[in-house]
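Participant: please find the sequence and the predicted model below.
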There are 4 protein chains.
Amino acid sequence: MNWQGVFPAVTTKFHQNGNLDMEMFFKNIDAQLEAGVNGIILGGTLGESSVLSQEEKIKLTTETVDYINGKVPVVLNIAEGATQDAIFWAEKAKEMGASGLMLLPPMRYSADHREVVTYFKAVANSTDLPIMIYNNPVDYKTLVTIQMFEELTACENIQAIKESTRDISNVTRMKNRFGDRYKILCGVDTLAMEELVMGADGWVAGLVCAFPKETVAVFNLVKEGKYEEALEIYRWFLPLLELDIHPKLVQYIKLAEQLTGIGTEWVRAPRLTLVGEERIKIENIIKRGLENRPVV
Amino acid sequence: MNWQGVFPAVTTKFHQNGNLDMEMFFKNIDAQLEAGVNGIILGGTLGESSVLSQEEKIKLTTETVDYINGKVPVVLNIAEGATQDAIFWAEKAKEMGASGLMLLPPMRYSADHREVVTYFKAVANSTDLPIMIYNNPVDYKTLVTIQMFEELTACENIQAIKESTRDISNVTRMKNRFGDRYKILCGVDTLAMEELVMGADGWVAGLVCAFPKETVAVFNLVKEGKYEEALEIYRWFLPLLELDIHPKLVQYIKLAEQLTGIGTEWVRAPRLTLVGEERIKIENIIKRGLENRPVV
Amino acid sequence: MNWQGVFPAVTTKFHQNGNLDMEMFFKNIDAQLEAGVNGIILGGTLGESSVLSQEEKIKLTTETVDYINGKVPVVLNIAEGATQDAIFWAEKAKEMGASGLMLLPPMRYSADHREVVTYFKAVANSTDLPIMIYNNPVDYKTLVTIQMFEELTACENIQAIKESTRDISNVTRMKNRFGDRYKILCGVDTLAMEELVMGADGWVAGLVCAFPKETVAVFNLVKEGKYEEALEIYRWFLPLLELDIHPKLVQYIKLAEQLTGIGTEWVRAPRLTLVGEERIKIENIIKRGLENRPVV
Amino acid sequence: MNWQGVFPAVTTKFHQNGNLDMEMFFKNIDAQLEAGVNGIILGGTLGESSVLSQEEKIKLTTETVDYINGKVPVVLNIAEGATQDAIFWAEKAKEMGASGLMLLPPMRYSADHREVVTYFKAVANSTDLPIMIYNNPVDYKTLVTIQMFEELTACENIQAIKESTRDISNVTRMKNRFGDRYKILCGVDTLAMEELVMGADGWVAGLVCAFPKETVAVFNLVKEGKYEEALEIYRWFLPLLELDIHPKLVQYIKLAEQLTGIGTEWVRAPRLTLVGEERIKIENIIKRGLENRPVV
């Protein structure tokens, strides 16, 4: 598959009673496809994966694959604590028709160099699906180092990196070291334009859930060399993109989806919907964004 | 139940092929009971809970309850990402005959004050088992604050706190604020004697897995006011206790269990057994400890 | 000199117009001596050393040495960025009659192992005054490691360590490694009783500036083995001792001195005296302490 | 003055015996001017300000002002612990003919919002020299927040910001909030191209000391919209620019200056010149850079 372009990490939609809301989910998917995104990622943080049952993850994936029907690749995120469970989901993803995997280091254990590489190789060797390694030491404590990526070149299906280290020099370091061996996708909304200018190939995006056209516009303008135009949209976009780098990104982005009409704010416990001053503050950020929304 | 004394967070024993080794597990339990521990904790980090299947957790708990047969309480750790899953395990624990629960804040999500309290209350209200809150912001990112504990006094079955903040003043702060409302158990081996002297009621211990008698001796000597004798053992013990505060505590403590004859070093992936210089270094620490082992 | 007991790091007293207030300064010194402290430390953080001119530091030191007149040792803190400046002050301290030095690693530069050891040796070899190394990586970024202290045993006049790493196990580690070669003085008020119980030899104290008798009482009771009595005072003391671990410790402790009648709140810019809600909050902590002040 | 373009924070040159080497210093200044830099900054970290005596700082500044003779502005860095000392240097700078000031928050004290603003205002109001605030919470602990900059708009001579927070979104946040009220100069070599693309006005540079032409080339190419050409040089440059973000940046950059013939490696204690493996490693990085040096 082609790891270039905008890849929304979509939210899972619920009814207020907590049941899956597939209708709203597909309404959002329609908006993404219409805006011209290049793939859909399921089961990430934004997808509230850790509160979904195994049955729900399977339902969500298979129905999404059916619905999208090959228009763009569907990528499943794997975030597991046990190697055996990661391999289980890699196989399941293939079975269900996913086109690729996003793969975190082991959860809940700060594995060392040898263990991280062994884990990634074990999963990669268990499947022929293409894989994007998700490198996010800030939220998940394990840094995937350049030396690890060196060793992982042995696995041909490890093809891309979701770069969420917040160390923006990594784009240049990786390009200097690996050329085009790994595609680099920015995984932090607030660093996206900077990393795209420096040569990143794609954007695993969050606010795209509520603002698909604007996200795609920034990506395309940068890739066409229209930096000034991109920068104008990006400056407008920043207060919204900052909703992606808060622990409550799920609630914030779902509220944005609700206000743009392509989602609802319902989440599952332990997450709670926003109340009080926090809710007003976030609503105001979103409303200010809507008032000045650029034409794209 | 009585949240006082030494509570080993026991390791799960595996054969080299990865299967559960219940025989070695019970051999270790025998050593714990013989040394005079006051309870057994299953399913914690040391128990490699995140690589056990649901079936294995159930087998381990029910067989342990049977084996211990009421001699000391059996406590099950709950570390879940979804409120519904935490409640599932609280009910299951009761069914299986556990005497109490150890409970972490939601995993993999940095919940805010309201969400943490709501989560703890939801679980506490779903069961009549007594609960010990596990407060470990260093490893799990969420700090349970004094204000949260204030609100949690509403739940009578929340009775104890595993204090792993590394902020040793918390023992005094909690005693000043709550008197005897919450039992305080030290959750960090290297701070145990200090916290017991300051009035902590118990010790959720790690190196006890390999050194049950020495751990119990330190606890008893402090409680009898024999500080000098306790300090002598504790100084000997410190290089071993430091194995508990490393990301590889499972591998280190399992190697110690193997060398003291009440365990094996086998772990499950993504964890790997120790090799090379690291293995030699840890073996040397353990062997030096064995050479100078005090008579207790 | 004897690095045992309670060593107040005294504040520098100013008039409201910013001039040195030597009268109030000596009133405080009287209270310290009367309470039975074992030495006086000048020129530390609490002494607002970084806003004193060279002339003022000299005046303060010589007049203090005269006033104390050998009753207890006077120790001068050296916190310099250049080796040559540290050596200048070591010589000056001797000239002025100080009995010892407290010595920080180089300021404003994160020196490496070789540079830190070279710096300490250069200063130690330039003087015959006894030296206490101040180990505070939290506030000053450089950790003095056990390996560095190993090399520093070559300097006989390096005799003591102000332990402010916040890693309380260091007391035991240092005693295990060096026995009585280095005296260990706790440098963090909120960890003092814990470290004294574990064998620390002294306490470089902060709240002693306002509460000299209570500080000395805790020290003496622990050293006499009366832990229960010490703990009772220490629990009362903790909310006050916590004023020592805040960036505004100077303002907080000076306000406490004012309320106990042995100091004033005046500070020099960039520090400003407390106002508004913060002032009320700190006053309330101090007043609650005064209301329940134990008889010692 | 015009806060746009490349501003080298130059190193202070010493002979091996530690004396100032003004000849080599001016040789480097010549190289900077020839390359087309837009100003010279004295007295920063790279200038080893904390090991210079007051007399040396005065000599260095006055002679530099004379030598440069108005070709570009000379800016003096002020990094003091006392407000009175900062004001002293602001006056002195004016007297000596400096064109502007770079100003850090108070050193060695974590001042709060009110104190930081009061400090900056006191210094700004004491002089009519234009000021660039140096915002570097990573090395100096105090973050200058957007709210502080809001209040500082009252001081007309506070005109620019050296942005070293490592939070690259600050360029966009500041432009969104203040438009052109403050010039933004990137203060971290490894983030320079990214920030210039996002609209930063200048670059307070480090490796420029050894590589003036390449630094100026990157700046000019970005400002001319030639991003591809700039990126090619920048990718070559990155391993060298990374020497700027290490605690030993002074030693590393001085070694680079020595190898490019416009400086020497001599530093003052507590800094020591590089030895052993570290020296070889850094030399190799520099030599690789020289081998592939682009034509600019």
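Facilitator: Noted; the coordinates are in hand. Numbers count the residues shown, from 1 in each chain, chains lettered A, B, ... in the order given.
Participant: in what helix or strand does the residue of chain A found nearest chain C lie?
Facilitator: Per Cβ to the nearest Cβ, A:E277 is where chain A lies closest to chain C, at 18.6 Å. In this view, the C-beta of every residue, glycine as well, is placed from N, C-alpha and C. Using DSSP states H and E, A:E277 falls within helix A:276-291.
Participant: tell me the mean pLDDT over that helix?
Facilitator: The pLDDT scores in helix A:276-291 average 98.
Participant: before we move on, what about stretch A:171-184?
Facilitator: Averaged over stretch A:171-184, pLDDT sits at 98.
Participant: distance between that stretch and the chain's centre?
Facilitator: How far stretch A:171-184 lies from its chain's middle: 20 Å, per Cα atoms, centre = their mean, to the nearest Å.
Participant: mind listing what A:K213 touches?
Facilitator: Each residue near A:K213 by Cβ atoms under 8 Å, 6 or more residues apart in numbering or on different chains is listed here: A:A35, A:V296.
Participant: repeat for A:G206
Facilitator: Going by Cβ under 8 Å, 6+ apart, A:G206 touches A:A9, A:L46, A:D189, A:L241, A:L243, A:D244, A:L249, A:I253.
Participant: next one: it from A:G44, what distance?
Facilitator: 9 Å (Cβ to Cβ, to the nearest Å).
Participant: who touches both of those two?
Facilitator: Common neighbours of A:G206 and A:G44, counting by Cβ under 8 Å, 6+ apart, are A:A9.
Participant: what ranges do the strands span in the stretch 51-200 of chain A?
Facilitator: For the stretch 51-200 of chain A, the strands defined by DSSP state E, counting those that start in this stretch cover A:74-78, A:100-103, A:131-135, A:158-163, A:183-186.
Participant: can you pull the buried residues of the last one?
Facilitator: Neighbour counts over strand A:183-186 (16 or more other Cβ atoms under 10 Å in any protein chain shown) mark A:K183, A:I184, A:L185, A:C186 as buried.
Participant: check stretch A:103-114 too.
Facilitator: Across stretch A:103-114, burial judged by 16+ other Cβ under 10 Å covers A:L103, A:L104, A:P105, A:P106, A:M107, A:R108, A:Y109, A:S110, A:A111, A:D112.
Participant: for stretch A:32-44, same thing?
Facilitator: For stretch A:32-44, the neighbour count (16+ other Cβ under 10 Å) marks A:Q32, A:L33, A:A35, A:G36, A:V37, A:N38, A:G39, A:I40, A:I41, A:L42, A:G43, A:G44 as buried.
Participant: pLDDT for the residues you listed - can I get that in JSON lines?
Facilitator: Output for these, formatted as JSON lines (pLDDT from 0 to 100):
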{"residue": "A:Q32", "pLDDT": "98"}
{"residue": "A:L33", "pLDDT": "98"}
{"residue": "A:A35", "pLDDT": "98"}
{"residue": "A:G36", "pLDDT": "98"}
{"residue": "A:V37", "pLDDT": "98"}
{"residue": "A:N38", "pLDDT": "98"}
{"residue": "A:G39", "pLDDT": "98"}
{"residue": "A:I40", "pLDDT": "98"}
{"residue": "A:I41", "pLDDT": "98"}
{"residue": "A:L42", "pLDDT": "98"}
{"residue": "A:G43", "pLDDT": "93"}
{"residue": "A:G44", "pLDDT": "91"}
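Participant: tell me which of those fall in strands.
Facilitator: The strands, defined by DSSP state E, take in A:I40, A:I41, A:L42 from the buried residues of stretch A:32-44.
Participant: does the last one really touch A:I78, like I thought?
Facilitator: Just to be clear, that refers to A:L42. No. Using Cβ atoms under 8 Å, A:L42 makes no contact with A:I78, being 10.7 Å away.
Participant: OK, contacts around A:C155?
Facilitator: Counting by Cβ under 8 Å, 6+ apart, A:C155 makes contact with A:F120, A:K121, A:A124, A:N125, A:I131.
Participant: now swap in A:T118 and tell me
Facilitator: A:T118 makes contacts with B:A269, B:P270, B:L272, as judged by Cβ under 8 Å, 6+ apart.
Participant: could you look up the SS state of the nearest residue to A:S110 once chain neighbours are set aside?
Facilitator: Spatial nearest neighbour of A:S110, chain neighbours left out: B:P247 (3.9 Å); criterion: Cβ to Cβ, 6 or more residues apart in numbering or on different chains. What DSSP: H, G, I helix; E, B strand; the rest coil gives for B:P247 is coil.
Participant: pretty sure A:D112 is one of the things B:P247 touches, is it not?
Facilitator: Yes. Contact criterion Cβ under 8 Å: B:P247 and A:D112 qualify, at 7.5 Å.
Participant: in chain A, what helix or strand scores lowest on average pLDDT?
Facilitator: helix A:137-140 (a mean of 93; mean pLDDT, DSSP states H and E).
Participant: what about that one and chain B, touching?
Facilitator: No. Counting by Cβ under 8 Å from any Cβ of the partner chain, chain B is not contacted by helix A:137-140; separation bottoms out at 8.6 Å.
Participant: who's in contact with A:E156?
Facilitator: Applying Cβ under 8 Å, 6+ apart, no residues qualify as near A:E156.
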